[in-house]
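J.: Need a 3D model of the following:
(chains A and B)
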Amino acid sequence: MANDDPFSQLKAVQAEDAHTRRPTPSVQTTSRERTEQVATEVPNAMTPSTRHEGVEPAKGYEEEKEPRKAAGREIQLAAYLDEELDAFVDDYTGRRIEGSRRKPSRSLVGYWMLTIAMNVLKAQGLPTMPRELLRRRR
Amino acid sequence: MPYVVAVYLEKGGSTKTTTTVHLAHAFARKGLRSLIVDIDAQRHASQWLFPGDPPSLTINEVVRKPEMVADAVVPSRIHGVDLLYGSRVLPMTAESVLKISDDGTPRNQVSVLQNVLAGLDGRHQLVWIDCSPSVGLLNANALVAADHVLVPMDLADMSFQGLEDVAKTLTQMRRNGLISSIPDITLLLTQTESEESKTTDEIRRKIVGDTEHPRPYRVLNQTIRARRQMRGIYHTHMTAFDLAETGGFKYSHLRAVADDYAAAGAEFASIVAAAIAKQKSATEGI
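T.: Got it, this is the predicted structure:
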């Protein structure tokens, strides 16, 4: 497009085309009618993988032609998100919140202290094994 | 028809209202008239942009009688942004009224808001629905009406859970036939000063994904910085744009925030333009 300003581009696109939308069901449509209507519309209306320009379709987000497979895709997508984001939440949020509330165990503190002590001794050039220590004393 | 954006996250305090107001203003500043539809019972967007007594017609009346929508739209404090004022009792109305219409026939519960927006007078290029932090009939209505779902989320807390819930809700709605396809989803990340850069970088990388792990949503490159500075801005009945320009030294720190929202708005505008163009070519192709 000639104009680089995205707002002008949007204006131009909107002016060019009275924006096409999903069909608006009438107020009088009953839920059952709508469900039936959607059930027939849905298989034709699915083009999810083309939605995100320049992005490869995610796992479970590939375009499927048959409605049966497409339903599977939806479940895959949900599973994918569940899996990915569950792990994510555990990794970052869960651990952080738990970590701030729960004290580290004593053995862990002991291990840390021992490690620090060893490092200090090493840095000072002092013996870190008791046997060595004893030998030096002699 | 205007392009409908639902600003949605089931988690509270994720800056849905702030994002709605600022992006609507960012678009209005560039000549794209926006309408904010406040379906949050807290009606913060309404009180922010329309101080004083509420107008005689609010969203509560409009969901009962969708033909009244044009009369219920009021100009807000921001030039180029109109408002459909929210209502405290809207969730209760939704539970009772949305199910049965005046003549006693059962309504299609989830497309009432879509019908309401279909009755707009064509002055608006964009409609921003400020959703409530919940799952329910009202938000389902917003998602059915939406061409695009914008998810504002921060990088530091339980927003990931919220993002997962958004995906679940949309997938469920799609599976139940309430929406025919999952609308485009775009994330707008916000960040507080106190967040460690290493953690946020890691989290951001995880959210954005990479070529091997692409995500089924888009993430705006522009992050909104310094969320904390926005606290209390709502009581001024102005936006960061106005305050940074006219508020003097007291509000000069909002300049960066205003710039962030302007850049995020521009990025989102290009995504919307591409989406409309794609939709158009798809329908022409058929």
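
J.: hang on, B:Pro51 packs against B:Ser76?
T.: No: assessed by C-beta atoms under 8 Å, B:Pro51 is found out of contact with B:Ser76, at 9.9 Å. Heads up, the C-betas are built off the backbone N, CA and C, glycines and all.

J.: Assign B:Val5 to helix, strand or coil.
T.: With DSSP: H, G, I helix; E, B strand; the rest coil as the basis, B:Val5 sits in strand.

J.: circling back: between B:Pro51 and B:Ser76, which has more neighbouring residues?
T.: Neighbour tally, B:Pro51 and B:Ser76, criterion other C-beta atoms under 10 Å in any protein chain shown: the higher count belongs to B:Ser76, 25 against 12.

J.: next helix or strand past the lowest-mean-pLDDT helix or strand in chain A?
T.: Using mean pLDDT, DSSP states H and E, helix A:95-101 stands out as the lowest-scoring helix or strand of chain A, at a mean of 42. Where DSSP states H and E defines the elements, the next helix or strand beyond helix A:95-101 is helix A:106-123.

J.: Check which helices and strands that next one sits against.
T.: The helices and strands touching helix A:106-123, judged by 3 or more C-beta pairs under 8 Å, 6 or more residues apart in numbering or on different chains; DSSP states H and E, number zero.

J.: For it, C-alpha coordinates in PDB please.
T.: This file holds the C-alpha atoms of helix A:106-123, laid out as PDB (Å, rounded to 0.1, in the frame of the first residue of the first chain):
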ATOM      1  CA  ARG A 106      16.900 -28.200  56.300                       C
ATOM      2  CA  SER A 107      19.000 -30.700  54.300                       C
ATOM      3  CA  LEU A 108      19.000 -28.200  51.400                       C
ATOM      4  CA  VAL A 109      20.100 -25.400  53.600                       C
ATOM      5  CA  GLY A 110      22.800 -27.700  55.000                       C
ATOM      6  CA  TYR A 111      24.000 -28.600  51.500                       C
ATOM      7  CA  TRP A 112      24.200 -24.900  50.500                       C
ATOM      8  CA  MET A 113      26.100 -24.000  53.700                       C
ATOM      9  CA  LEU A 114      28.500 -26.800  53.100                       C
ATOM     10  CA  THR A 115      29.100 -25.800  49.500                       C
ATOM     11  CA  ILE A 116      29.700 -22.200  50.500                       C
ATOM     12  CA  ALA A 117      32.100 -23.300  53.200                       C
ATOM     13  CA  MET A 118      34.000 -25.500  50.900                       C
ATOM     14  CA  ASN A 119      34.300 -22.700  48.300                       C
ATOM     15  CA  VAL A 120      35.600 -20.300  50.900                       C
ATOM     16  CA  LEU A 121      38.200 -22.800  52.100                       C
ATOM     17  CA  LYS A 122      39.200 -23.500  48.500                       C
ATOM     18  CA  ALA A 123      39.500 -19.800  47.700                       C
END
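
J.: Please consider this matter closed, and thank you.
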